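Peer 1: Fold the following and give me the result.
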Amino acid sequence: MFSPLLRLLALLLALGSAHSAAHAAATARPHLVLFLSDDHSLLDSTVYGAKDVHTPNMQRIAAAGLVFDRAFVASPSCAPSRAALLTGLMPARNGAEANHAKPRADLKKLPAYLQSLGYEVVAFGKVSHYKHTVDYGFDYFAHDTYHDDVAVGNAIKWLRARTSTKPLCFIIGTNWPHVPWPKDPAPHDPARVVIPAKHVDTRETRDARARYYAAVDRMDAELGAVFDATREVLGAANTVFLHTSDHGAQWPFGKWNLYDAGIRTPLIAVWPDRIRAGARTDAMVTWVDILPTLVDLAGGPAPTGLDGRSFVPVLRGETATHRDRVFTTHSADGTFNIYPTRSVRTADWKYIRNLHPEFRFTTHVDLAKPADGAAYFGSWLDAAKHDPAAAAKIRRYYQRPGEELYDLRTDPLELRNLADDPAHAPRLAALRADVTAWMKDQGDTGRVFGEPKLLSAPATTTTATDTPAGRAVTQLDLPAGTQLTRATSPLIAGRGFTVTAHLSAPATTDGVLVSQGGALHGWSLYLQQHALHFSVRRAGKIFTVRADAPAVASAKKLTATLAPDGRVTLSADGRPVATGTVEGPVAQQPADPLLVGRDAGGTVADYAEPFAFNGPLTSVSLTLTP
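Peer 2: Just a heads-up that it's a prediction; the model follows:
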């Protein structure tokens, strides 16, 4: 028989064994560490080819793990991007479409998935949008505020004092390199920074870019501190470390845009002996994939009903592929940016649909404080007054066509829009159909959040200064829906000009493509009975040149050129299809404004106003003869 003492010892041993088994089971699940940078463009990293900014901590983390070359966010603005990560659902499905919105309360979120697997889930810094963190169900989160820059230090202090034996999911979000950038650009020399192709090279731009690089430096330092501390405290062997950024930097054509500068994000994964060190992958992944990936790493079952799916097989080297395309979406950011747009990206192609090309694209950069970008953007506007290249960049910033198509193999910076190129019409149609089907599947109605700024005037200048306001009108690019006032309409009296209507698909309906003027003086380019017409009205009399329907049936660029002597040439996709004369240019400046897509206030030609064109018109370009 066992003595009472032996029975007690046996009981204690049994309890100790059970505790050890439970502790071993808990710690068998890897710790999960996720470091989020804020507004950091992928190409502004040494790991991704930058030469004038150095990110040594990103480099050494990359050397220890796997670098993703094709990782993307769900949306290029803060709250929608982070809500997608924390729900595994795209913005239209989780409810956080506009910036500063939060996902629906009824949705299961990342902490709940991991807590059910025994994890402690903790957040420091900018993990969701600050005021929303309380709604996600973290076991603990720090009440950090915008750019107080204490998150990383406090996170490391908390980690070193932690006593829990649970596996930990630790998410730390730095504010860097979000604006405002440091006032001191050191050690970066503004004269030596590389200015991106879409930006205007001014002294103010160089100073801002150097200060942005100083902000990247701070992010990189905080990344290194978190990486070292978590490996030390949690143990490198049983810790998965992920680093990524919520979207591109706050530069024109970056944040708030669906170009790669806005949606392509750095992503590095480290797990010693589980993820091959020093490796790279072209596998396409997106931020909605991160939640199911973390659940998979934690040993949980694959969540159902999500847009995301685990890319653990890529991490383990079991496959080199994950997705064949990714979809992205942006809707609005307060009153600064109301511009709904959707895109699909494959390995080699990008298609963007701007749902309302008649809206004026604006952001904090051109509308908010100097620290947001207004200081250097003002120098761009000044440059545009005398530099046609700068003017073209300003025009491209404010005005977007209905559709954009880019061949990323030959044009990785997305500089040449091929949407109007007939050679790429089949690809355009296929990607257009992909976005249409995806929006339908998502229940995405293209909702407009707030009151947009309309393109009621040209958004750029070029060379001549012949309007009463002194604004240049040599060349105008006007999205569908544009309505100029009489004061801002181009001075066309006695002048020749070329006008081109750009369509995203061949027209199947009639209507006015563009008109200026009314019942006494003016001109109009329009389709009637599927034939292309150009009419000039002088002193009430109408003169018209027509191209028959078969000649323009398949065209997506419809052009009329009016010579100063009254000769007219009509063209379809650059091919002349009709000539004639209207016996001279418009004799007097019209009293009625210029309208894209309709005629009103007195018609120029033989149709009843507004004779609106409801077909696939994206924009109209107008070049006046000097």
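
Peer 1: Please count neighbours and contacts with C-alpha atoms only from this point.
Peer 2: OK.

Peer 1: the helices in the stretch 501-626 of the chain, which residues?
Peer 2: For the stretch 501-626 of the chain, the helices defined by DSSP state H, counting those that start in this stretch cover 549-552.

Peer 1: Which helix or strand in this structure has the lowest average pLDDT?
Peer 2: Sorted by mean pLDDT, DSSP states H and E, the helices and strands of the chain end with helix 4-28, the least confident at a mean of 45.

Peer 1: Other residues contacting whichever helix or strand comes after that helix?
Peer 2: Scanning forward in sequence from helix 4-28 by DSSP states H and E, the next helix or strand is strand 31-37. The contact list for strand 31-37 (CA atoms under 8 Å, 6 or more residues apart in numbering) reads 126-127, 167-177, 219, 223, 226, 230, 234, 238-246, 294.

Peer 1: how does it look with 7 Å?
Peer 2: Strand 31-37 is touched from outside by 167-176, 219, 223, 238-246, with contacts defined as CA atoms under 7 Å, 6 or more residues apart in numbering.

Peer 1: average model confidence for stretch 182-189?
Peer 2: Per-residue pLDDT values across stretch 182-189 average out to 96.

Peer 1: CA atoms of that stretch as CSV?
Peer 2: Extracted in CSV, the C-alpha atoms of stretch 182-189 (Å, rounded to 0.1, in the frame of the first residue of the first chain):
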residue,chain,number,x,y,z
PRO,A,182,10.3,65.0,-40.0
LYS,A,183,11.3,68.7,-40.5
ASP,A,184,14.9,67.7,-40.8
PRO,A,185,15.7,65.5,-43.9
ALA,A,186,19.1,64.4,-42.6
PRO,A,187,20.9,62.3,-43.6
HIS,A,188,19.2,62.6,-47.0
ASP,A,189,20.3,65.3,-49.5
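
Peer 1: Would you mark the buried spots in that stretch?
Peer 2: Judged by neighbour count using 16 or more other CA atoms under 10 Å, the buried positions of stretch 182-189 are 182, 185, 188.

Peer 1: taking those residues one by one, which sit in strands?
Peer 2: Judged by DSSP state E, those include no members of strands.

Peer 1: from those residues, which single one is nearest R274?
Peer 2: Of all those, H188 has the smallest distance to R274: 37.5 Å, by CA to CA.

Peer 1: For the closest one, which non-adjacent residue is closest in space?
Peer 2: The shortest distance from H188 to any non-neighbouring residue, by CA to CA, 6 or more residues apart in numbering, is to A210 (5.4 Å).

Peer 1: ok, that neighbour - how many residues close by?
Peer 2: Residues near A210, counting by other CA atoms under 10 Å, number 28.

Peer 1: Adjust the sequence numbering to begin at 43 for everything that follows.
Peer 2: Taking 43 as the first residue, the last one we looked at is A252.

Peer 1: now it, what's its secondary structure?
Peer 2: Applying DSSP: H, G, I helix; E, B strand; the rest coil to A252 yields a three-state assignment of helix.

Peer 1: What separation is there between it and I436?
Peer 2: A252 is 22 Å from I436, where distance means CA to CA, to the nearest Å.

Peer 1: One more: D429?
Peer 2: Counting by CA to CA, the gap from D429 to I436 is 11 Å.

Peer 1: can you pull out the strands in the stretch 493-642 of the chain?
Peer 2: Secondary structure of the stretch 493-642 of the chain (DSSP state E, counting those that start in this stretch): strands located at 517-521, 539-545, 553-559, 564-570, 573-580, 583-589, 599-604, 609-614, 617-623, 636-638.

Peer 1: Format those as TSV; extra columns: mean pLDDT and distance to F353.
Peer 2: Putting those into TSV (pLDDT from 0 to 100; distance: least, CA to CA, whole Å) gives the following:
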stretch	mean pLDDT	distance to F353
strand 517-521	82	41
strand 539-545	95	40
strand 553-559	94	48
strand 564-570	96	51
strand 573-580	95	53
strand 583-589	95	56
strand 599-604	96	43
strand 609-614	96	48
strand 617-623	95	50
strand 636-638	91	47
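
Peer 1: Where does pLDDT dip in this structure?
Peer 2: Applying pLDDT under 70 to the chain flags the ranges 43-69, 497-516, 529, 668.

Peer 1: How is it partitioned into domains?
Peer 2: The chain is divided into the following domains under automatic domain parsing: 54-66+86-373, 517-666.

Peer 1: Redo those as a markdown table? Include distance to R451.
Peer 2: Output for those, formatted as a markdown table (distance: least, CA to CA, whole Å):
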| stretch | distance to R451 |
| --- | --- |
| domain 54-66+86-373 | 13 |
| domain 517-666 | 23 |
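
Peer 1: Can you tell me which of these is nearest to V490?
Peer 2: For V490, the closest of the domains of the chain is domain 54-66+86-373, at 7.0 Å, according to CA to CA.

Peer 1: From F576, how far off is the closest residue to Y568 other than its chain neighbours?
Peer 2: Spatial nearest neighbour of Y568, excluding adjacent residues (CA to CA, 6+ apart): V554 at 4.2 Å. Counting by CA to CA, the separation of V554 from F576 is 10 Å.

Peer 1: try H398
Peer 2: From H398 to F576 the distance is 27 Å (CA to CA).

Peer 1: more crowded one of those two?
Peer 2: The neighbour comparison of H398 against F576 (other CA under 10 Å) goes to F576, with 26 against 23.

Peer 1: What are the boundaries of the strands in the stretch 143-292 of the chain?
Peer 2: For the stretch 143-292 of the chain, the strands defined by DSSP E, counting those that start in this stretch cover 162-167, 182-183, 210-215, 281-287.

Peer 1: immediately after the last one, which helix or strand?
Peer 2: Meaning strand 281-287. helix 302-305.

Peer 1: and the helix or strand just after that next one, which strands flank it?
Peer 2: Downstream of helix 302-305, the next assigned helix or strand under DSSP H and E is strand 309-312. Taking DSSP bridges as the criterion, strand 309-312 sits next to strand 108-114 (antiparallel), strand 281-287 (antiparallel) in its sheet.
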